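Asker: quick one: sequence and predicted model below, then my questions.
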Amino acid sequence: MDLLIGTSNPGKLDEFQELLVGLPLRLLSLKDVGLGDMDVAEDETTLEGNATLKVDAYSKASGLVTLADDTGLYVDALDGAPGIYPARYGGPGLNPQQRRQKLLGELVGVPTDRRTARFVCVIAIAEPTTGKTQTVRGVCEGWIATEEDASGGGFGYDPVFVPQGYTATFSALPLEEKNRISHRGLAAAAAAAILREMAQED
């Protein structure tokens, strides 16, 4: 079964390739189906709302079963910021590293026990022939490091987020381990069950 991944982020697409490995799916990007320039306004106030907006628009435009996700980063010491808009944190024109530095700057002097945070991922799956959309959610608790970890990989806020029970950031963990515990990994595990059933019906 063809599955359109509704993202233009190559790092996220690579993650889903790993997260959905073993399923009878051929993953396609927005660019693969000629929708690389399609932009969907994420103007809902919840992760579920934004993920559903995106998945419905891309599924209708492509005619394919589509998966899209929306992720939030909630830092307790910042009253939940960046919240549902981590890619917009700090204003327009900043690159991911500048956004990470903005976050670290806001937390200067905040002790470790008050740097608690959580990543939340909502995955939406849309089936164009039935018009049915389903959502699942994954949460990973942790805390924000005092400095950026430049040694590993990952993307977004991975170099500054330390998952609960670990001393290393997401970016320093082996990919298999990160995918097992991460917000996106947990949501993808729930999504995989839905996709497996859909692929068997296809």
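Answerer: That came through fine. Numbers count the residues shown, from 1 in each chain.

Asker: neighbours around Glu147, how many?
Answerer: Each residue near Glu147 was counted by other CB atoms under 10 Å, and the total is 11. C-beta: built from backbone N, CA, C; applies to glycine.

Asker: what helix or strand is the residue nearest to it when sequence neighbours are not counted on?
Answerer: Taking CB to CB, 6 or more residues apart in numbering as the measure, Glu147 lies nearest to Leu104, with 6.7 Å between them; neighbours along the chain are not counted. When elements are assigned from DSSP states H and E, Leu104 belongs to helix 96-106.

Asker: ok, residues contacting that helix?
Answerer: When contacts are taken as CB atoms under 8 Å, 6 or more residues apart in numbering, the neighbours of helix 96-106 outside the stretch itself are 75, 78, 81-82, 86-87, 89-90, 94, 144-148, 155-157, 159-160.

Asker: now the angle from the helix or strand just after it to helix 96-106?
Answerer: Using DSSP H and E, the helix or strand that directly follows helix 96-106 along the chain is strand 116-127. Here the directions of strand 116-127 and helix 96-106 differ by 140 degrees (axes from the mean of the first three to the mean of the last three CA atoms, to 10 degrees).

Asker: how far away from the center of its chain is the helix or strand following strand 116-127?
Answerer: Read in the C-terminal direction, the helix or strand following strand 116-127 is strand 132-144, with elements assigned using DSSP H and E. Average the C-alpha atoms of strand 132-144, do the same for its chain, and the two points are 8 Å apart (CA atoms, centre = their mean, to the nearest Å).
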